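**Q** Model the following, please.
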Amino acid sequence: VSTLLNQMIIAHYEGEEVNAGRIGLTLVLAGMVGSIICGLWLDYTKTYKQTTLLVYILSFVGMLVFTFTLNLDKLIVVFFTAGVLGFFMTGYLPLGFEFGVEITYPESEGTSSGILNAFAQIFGIIFTLIQGKLTTVYNPLIGNIFLCAWILIGMILTAFIKSELKRNNVNMGITNKALQAVPTESPTDQPANGIIANSSPGTPDETSM
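**A** Sure thing, here's the model as predicted:
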(Lines give C-alpha, C1' and ligand atoms only; values in the text may rest on other atoms or scores of the structure.)
Protein backbone atom coordinates (compact mmCIF):
# COMPACT_ATOMS: atom_id res chain seq x y z
CA VAL A 1 0.00 0.00 0.00
CA SER A 2 2.74 2.46 0.96
CA THR A 3 4.73 1.77 -2.21
CA LEU A 4 1.80 2.42 -4.54
CA LEU A 5 0.11 5.08 -2.42
CA ASN A 6 1.31 7.99 -4.55
CA GLN A 7 0.10 6.28 -7.72
CA MET A 8 -3.32 5.62 -6.19
CA ILE A 9 -3.75 9.17 -4.88
CA ILE A 10 -2.70 10.83 -8.14
CA ALA A 11 -5.14 8.65 -10.09
CA HIS A 12 -8.04 10.26 -8.21
CA TYR A 13 -6.56 13.61 -7.15
CA GLU A 14 -4.49 15.15 -9.91
CA GLY A 15 -1.85 17.64 -8.83
CA GLU A 16 -1.96 16.52 -5.21
CA GLU A 17 1.56 15.08 -5.06
CA VAL A 18 2.34 17.00 -1.87
CA ASN A 19 -0.76 15.74 -0.10
CA ALA A 20 0.00 12.23 -1.32
CA GLY A 21 3.30 12.45 0.54
CA ARG A 22 1.52 13.77 3.61
CA ILE A 23 -0.95 10.90 3.49
CA GLY A 24 1.97 8.50 3.34
CA LEU A 25 3.51 10.21 6.37
CA THR A 26 0.22 9.90 8.22
CA LEU A 27 0.09 6.20 7.44
CA VAL A 28 3.66 5.67 8.72
CA LEU A 29 3.21 7.70 11.91
CA ALA A 30 -0.07 5.97 12.73
CA GLY A 31 1.66 2.64 12.15
CA MET A 32 4.41 3.54 14.62
CA VAL A 33 1.82 4.37 17.26
CA GLY A 34 -0.10 1.18 16.47
CA SER A 35 3.03 -0.96 16.83
CA ILE A 36 3.77 0.47 20.27
CA ILE A 37 0.20 0.20 21.56
CA CYS A 38 -0.34 -3.32 20.20
CA GLY A 39 2.97 -4.47 21.66
CA LEU A 40 2.14 -3.06 25.08
CA TRP A 41 -1.33 -4.61 25.00
CA LEU A 42 0.13 -7.99 24.08
CA ASP A 43 2.66 -7.86 26.92
CA TYR A 44 -0.11 -6.96 29.37
CA THR A 45 -2.74 -9.51 28.33
CA LYS A 46 -0.71 -12.37 26.81
CA THR A 47 -3.70 -13.03 24.51
CA TYR A 48 -1.59 -13.75 21.46
CA LYS A 49 -4.05 -15.35 19.06
CA GLN A 50 -7.06 -13.25 20.09
CA THR A 51 -5.16 -9.97 19.73
CA THR A 52 -3.52 -11.02 16.48
CA LEU A 53 -6.84 -12.08 14.95
CA LEU A 54 -8.64 -8.95 16.15
CA VAL A 55 -6.01 -6.62 14.68
CA TYR A 56 -6.07 -8.68 11.45
CA ILE A 57 -9.84 -8.21 11.20
CA LEU A 58 -9.54 -4.47 11.86
CA SER A 59 -6.81 -4.25 9.20
CA PHE A 60 -9.16 -5.93 6.74
CA VAL A 61 -11.96 -3.53 7.63
CA GLY A 62 -9.57 -0.58 7.34
CA MET A 63 -8.43 -1.75 3.92
CA LEU A 64 -12.03 -2.08 2.74
CA VAL A 65 -12.91 1.41 3.96
CA PHE A 66 -9.78 2.88 2.37
CA THR A 67 -10.53 1.10 -0.91
CA PHE A 68 -14.10 2.29 -1.28
CA THR A 69 -13.60 5.85 0.00
CA LEU A 70 -10.55 6.66 -2.10
CA ASN A 71 -12.61 8.11 -4.94
CA LEU A 72 -14.92 10.34 -2.88
CA ASP A 73 -12.97 13.50 -3.87
CA LYS A 74 -12.43 14.33 -0.19
CA LEU A 75 -8.78 14.27 0.86
CA ILE A 76 -9.61 14.60 4.54
CA VAL A 77 -11.39 11.23 4.36
CA VAL A 78 -8.33 9.70 2.71
CA PHE A 79 -6.12 11.10 5.45
CA PHE A 80 -8.33 9.52 8.11
CA THR A 81 -8.75 6.12 6.45
CA ALA A 82 -5.03 5.91 5.65
CA GLY A 83 -4.23 6.65 9.29
CA VAL A 84 -6.59 3.94 10.53
CA LEU A 85 -5.21 1.48 7.99
CA GLY A 86 -1.63 2.25 8.98
CA PHE A 87 -2.41 1.95 12.69
CA PHE A 88 -3.76 -1.58 12.44
CA MET A 89 -1.80 -2.94 9.48
CA THR A 90 1.61 -1.86 10.80
CA GLY A 91 0.55 -2.63 14.36
CA TYR A 92 -0.03 -6.22 13.26
CA LEU A 93 3.68 -6.79 12.54
CA PRO A 94 4.97 -7.12 16.13
CA LEU A 95 1.92 -9.23 17.01
CA GLY A 96 2.57 -11.61 14.13
CA PHE A 97 6.24 -11.98 15.00
CA GLU A 98 5.55 -12.60 18.70
CA PHE A 99 2.78 -15.10 17.95
CA GLY A 100 5.09 -16.89 15.53
CA VAL A 101 7.81 -17.13 18.18
CA GLU A 102 5.30 -18.52 20.69
CA ILE A 103 4.02 -21.35 18.51
CA THR A 104 7.47 -22.32 17.17
CA TYR A 105 9.19 -22.51 20.58
CA PRO A 106 11.78 -23.94 21.39
CA GLU A 107 13.15 -22.79 18.05
CA SER A 108 15.33 -19.72 18.36
CA GLU A 109 13.49 -16.38 18.35
CA GLY A 110 15.97 -15.03 15.84
CA THR A 111 15.36 -17.95 13.47
CA SER A 112 11.56 -17.70 13.68
CA SER A 113 11.51 -13.92 13.27
CA GLY A 114 14.05 -14.05 10.46
CA ILE A 115 12.05 -16.60 8.47
CA LEU A 116 8.81 -14.68 8.99
CA ASN A 117 10.43 -11.42 7.94
CA ALA A 118 11.99 -13.01 4.86
CA PHE A 119 8.67 -14.41 3.68
CA ALA A 120 6.95 -11.10 4.45
CA GLN A 121 9.42 -9.34 2.17
CA ILE A 122 9.07 -11.93 -0.59
CA PHE A 123 5.27 -11.82 -0.61
CA GLY A 124 5.39 -8.04 -0.26
CA ILE A 125 7.42 -7.77 -3.46
CA ILE A 126 5.12 -10.18 -5.31
CA PHE A 127 1.92 -8.45 -4.18
CA THR A 128 3.35 -5.00 -4.94
CA LEU A 129 4.20 -6.03 -8.50
CA ILE A 130 0.78 -7.59 -9.07
CA GLN A 131 -1.11 -4.70 -7.51
CA GLY A 132 0.96 -2.20 -9.48
CA LYS A 133 0.11 -4.00 -12.71
CA LEU A 134 -3.60 -4.13 -11.85
CA THR A 135 -3.60 -0.44 -10.88
CA THR A 136 -1.89 0.55 -14.13
CA VAL A 137 -3.95 -1.64 -16.48
CA TYR A 138 -7.29 -1.14 -14.74
CA ASN A 139 -7.59 1.27 -11.78
CA PRO A 140 -6.64 1.52 -8.08
CA LEU A 141 -9.94 -0.05 -7.04
CA ILE A 142 -9.08 -3.38 -8.70
CA GLY A 143 -5.61 -3.38 -7.17
CA ASN A 144 -6.95 -2.71 -3.69
CA ILE A 145 -9.65 -5.36 -4.02
CA PHE A 146 -6.86 -7.80 -4.88
CA LEU A 147 -5.15 -6.93 -1.58
CA CYS A 148 -8.43 -7.16 0.33
CA ALA A 149 -8.97 -10.68 -1.00
CA TRP A 150 -5.56 -11.84 0.21
CA ILE A 151 -5.98 -10.17 3.58
CA LEU A 152 -9.26 -12.07 3.96
CA ILE A 153 -7.50 -15.35 3.12
CA GLY A 154 -4.79 -14.60 5.67
CA MET A 155 -7.39 -13.77 8.29
CA ILE A 156 -9.14 -17.11 7.77
CA LEU A 157 -5.85 -19.01 7.98
CA THR A 158 -4.95 -17.18 11.19
CA ALA A 159 -8.26 -18.24 12.74
CA PHE A 160 -7.30 -21.90 12.22
CA ILE A 161 -3.87 -21.62 13.84
CA LYS A 162 -3.68 -23.60 17.08
CA SER A 163 -3.03 -21.26 19.98
CA GLU A 164 -0.34 -23.21 21.84
CA LEU A 165 1.77 -20.72 23.77
CA LYS A 166 4.81 -22.92 24.31
CA ARG A 167 7.28 -20.21 25.33
CA ASN A 168 4.82 -18.50 27.66
CA ASN A 169 3.92 -21.81 29.32
CA VAL A 170 7.59 -22.58 29.95
CA ASN A 171 8.19 -19.12 31.40
CA MET A 172 5.15 -19.44 33.67
CA GLY A 173 6.42 -22.82 34.90
CA ILE A 174 9.82 -21.35 35.78
CA THR A 175 8.16 -18.45 37.61
CA ASN A 176 5.92 -20.78 39.61
CA LYS A 177 8.88 -22.89 40.71
CA ALA A 178 10.75 -19.78 41.81
CA LEU A 179 7.77 -18.71 43.94
CA GLN A 180 7.41 -22.01 45.79
CA ALA A 181 7.34 -21.60 49.59
CA VAL A 182 10.48 -22.41 51.57
CA PRO A 183 10.55 -23.50 55.28
CA THR A 184 10.54 -20.54 57.65
CA GLU A 185 12.26 -22.47 60.45
CA SER A 186 15.56 -24.22 60.21
CA PRO A 187 15.61 -27.85 61.46
CA THR A 188 18.50 -26.92 63.77
CA ASP A 189 16.16 -24.59 65.69
CA GLN A 190 14.12 -27.53 66.96
CA PRO A 191 15.16 -29.38 70.17
CA ALA A 192 16.70 -32.79 69.49
CA ASN A 193 14.76 -35.63 71.20
CA GLY A 194 13.41 -33.21 73.78
CA ILE A 195 16.90 -32.56 75.16
CA ILE A 196 17.86 -28.95 75.81
CA ALA A 197 21.58 -28.38 76.17
CA ASN A 198 22.86 -25.71 78.53
CA SER A 199 26.46 -24.80 78.07
CA SER A 200 26.80 -21.72 80.21
CA PRO A 201 30.41 -20.75 80.91
CA GLY A 202 31.76 -21.90 84.21
CA THR A 203 28.83 -24.24 85.07
CA PRO A 204 28.52 -27.98 84.51
CA ASP A 205 26.42 -29.10 81.61
CA GLU A 206 22.89 -30.06 82.66
CA THR A 207 20.25 -31.85 80.73
CA SER A 208 16.58 -32.14 81.34
CA MET A 209 14.20 -34.66 79.86
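**Q** Surely L27 is in contact with L4?
**A** No - shown here, L27 and L4 do not form a contact pair, counting by Cβ atoms under 8 Å, at 12.0 Å. For the C-beta atoms, the positions are set from N, CA and C on the backbone; glycine is no exception.
**Q** Please determine how far the most centrally placed residue in the chain is located from I145.
**A** By Cα atoms, centre = their mean, the mean C-alpha position of the chain lies nearest to L95, the distance being 1.2 Å. The gap separating L95 from I145 is 25 Å, by Cβ to Cβ, to the nearest Å.
**Q** ok, now G114?
**A** 32 Å.
**Q** residue contacts, L29?
**A** 83, 86 (Cβ atoms under 8 Å, 6 or more residues apart in numbering).
**Q** Please identify the helix or strand for it.
**A** helix 17-45 (DSSP states H and E).
**Q** Look up how far V78 lies from the residue nearest to H12 when sequence neighbours are not counted.
**A** Spatial nearest neighbour of H12, chain neighbours left out: N71 (5.1 Å); criterion: Cβ to Cβ, 6 or more residues apart in numbering. Using Cβ to Cβ, N71 is found at 10 Å from V78.
**Q** neighbour count winner among the two?
**A** V78 (25 against 15; other Cβ atoms under 10 Å).
**Q** The more buried one contacts I9, doesn't it?
**A** Yes - between V78 and I9 there is a contact under Cβ under 8 Å: 7.1 Å.
**Q** shared neighbours of those two, which are they?
**A** With Cβ under 8 Å, 6+ apart, V78 and I9 have common neighbours I23.
**Q** related to what we said a few turns ago, between G114 and I145, which one's more packed in?
**A** Each of G114 and I145 has its neighbours counted (other Cβ under 10 Å); I145 has more, 16 against 11.
**Q** ok, the more buried one - contacts?
**A** Neighbour list for I145: T67 [criterion: Cβ under 8 Å, 6+ apart].
**Q** again, but for the one 3 residues further on
**A** With contact taken as Cβ under 8 Å, 6+ apart, C148 is in contact with 60, 63-64, 67.
**Q** and if we set it to 10 Å?
**A** For C148, the contact set (Cβ atoms under 10 Å, 6 or more residues apart in numbering) comprises 60-61, 63-64, 66-68.
**Q** Filter these down to just the ones in helices.
**A** Mapping the contacts of C148 onto helices (DSSP state H) picks out 60-61, 63-64, 66-68.
**Q** Can you show me the helices along this protein?
**A** 5-12, 17-45, 48-69, 75-104, 109-137, 140-159, 166-178.
**Q** counting contacts, what elements does the fifth one pack onto?
**A** If you count contacts as 3 or more Cβ pairs under 10 Å, 6 or more residues apart in numbering; DSSP states H and E, helix 109-137 packs onto helix 5-12, helix 75-104, helix 140-159.
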